[in-house]
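>>> Model the structure of this input:
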Amino acid sequence: MFKAFAQFLGQYNVVWIAVGLLIATKVGELVKGLIDDVVTPMILRPILAKLRVKNIEEISYRGVFYGKFLSTCIDFLITAFLVFIVVHYVGVTMQAK
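Okay, the predicted model is just below:
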């Protein structure tokens, strides 16, 4: 039974998939921290002050919190750009070999 399980892990690269998921989760947390703690205060401070809110996620209109959606969109764009950079780098590196 253990031998079959070890073969399964090796055949489907389960360990490398798990490592990739862990790294992706941490990159997501890093980007969220970047948005919440750096980008929003530095770039969006004048807009937030005019709207009288401290955090982008507090922006709302008639009960619809579109600030959360805006924050998620910015988070997605930065994450997608980082993934693009990594994939592009790996592609260029693989072509050079």
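>>> how far away is residue 67 from residue 56?
Using CB to CB, to the nearest Å, one obtains 5 Å as the distance from residue 67 to residue 56. Backbone N, C-alpha and C define where each C-beta goes, glycine included.
>>> now do residue 24
23 Å.
>>> likewise residue 95?
40 Å.
>>> the more surrounded of those two?
residue 56 (21 against 7; other CB atoms under 10 Å).
>>> OK, contacts around the more buried one?
The contact partners of residue 56, by CB atoms under 8 Å, 6 or more residues apart in numbering, come to 36, 40, 44, 48, 67, 70, 71.
>>> Just the buried ones from these?
36, 40, 44, 48, 67, 71 (16 or more other CB atoms under 10 Å).
>>> Quick check: the gap between the last one and residue 90.
With the distance defined as CB to CB, residue 71 ends up 29 Å from residue 90.
>>> what's the answer for the fifth one, then?
In this view, residue 67 and residue 90 are 35 Å apart by CB to CB.
>>> ok, now the second one?
Taken as CB to CB, the spacing of residue 40 relative to residue 90 amounts to 30 Å.
>>> repeat for the fourth one
Taking CB to CB as the measure, residue 48 and residue 90 are separated by 37 Å.
>>> Likewise for the first one?
Distance, residue 36 to residue 90, using CB to CB: 29 Å.
>>> which SSE is the residue nearest to the spatial centre of the chain in?
Closest residue to the average C-alpha location of the chain: residue 28 at 3.0 Å, with CA atoms, centre = their mean. Taking DSSP states H and E as the definition, one finds residue 28 inside helix 14-34.
>>> Would you mind writing the CA trace of that helix as PDB?
Coordinates of each C-alpha in helix 14-34 appear next as PDB, following Å, rounded to 0.1, in the frame of the first residue of the first chain:
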ATOM      1  CA  VAL A  14       2.200  15.900  -6.100                       C
ATOM      2  CA  VAL A  15       5.000  17.200  -4.000                       C
ATOM      3  CA  TRP A  16       6.000  19.800  -6.600                       C
ATOM      4  CA  ILE A  17       2.300  20.800  -7.000                       C
ATOM      5  CA  ALA A  18       2.000  21.300  -3.200                       C
ATOM      6  CA  VAL A  19       5.200  23.400  -3.200                       C
ATOM      7  CA  GLY A  20       3.800  25.500  -6.100                       C
ATOM      8  CA  LEU A  21       0.500  26.100  -4.200                       C
ATOM      9  CA  LEU A  22       2.300  27.100  -1.100                       C
ATOM     10  CA  ILE A  23       4.500  29.600  -2.900                       C
ATOM     11  CA  ALA A  24       1.500  30.900  -4.800                       C
ATOM     12  CA  THR A  25      -0.400  31.500  -1.600                       C
ATOM     13  CA  LYS A  26       2.500  33.400  -0.100                       C
ATOM     14  CA  VAL A  27       2.900  35.500  -3.200                       C
ATOM     15  CA  GLY A  28      -0.800  36.300  -2.900                       C
ATOM     16  CA  GLU A  29      -0.400  37.400   0.700                       C
ATOM     17  CA  LEU A  30       2.700  39.400  -0.300                       C
ATOM     18  CA  VAL A  31       0.800  41.300  -3.000                       C
ATOM     19  CA  LYS A  32      -2.200  41.900  -0.700                       C
ATOM     20  CA  GLY A  33       0.100  43.400   1.900                       C
ATOM     21  CA  LEU A  34       1.700  45.500  -0.900                       C
END
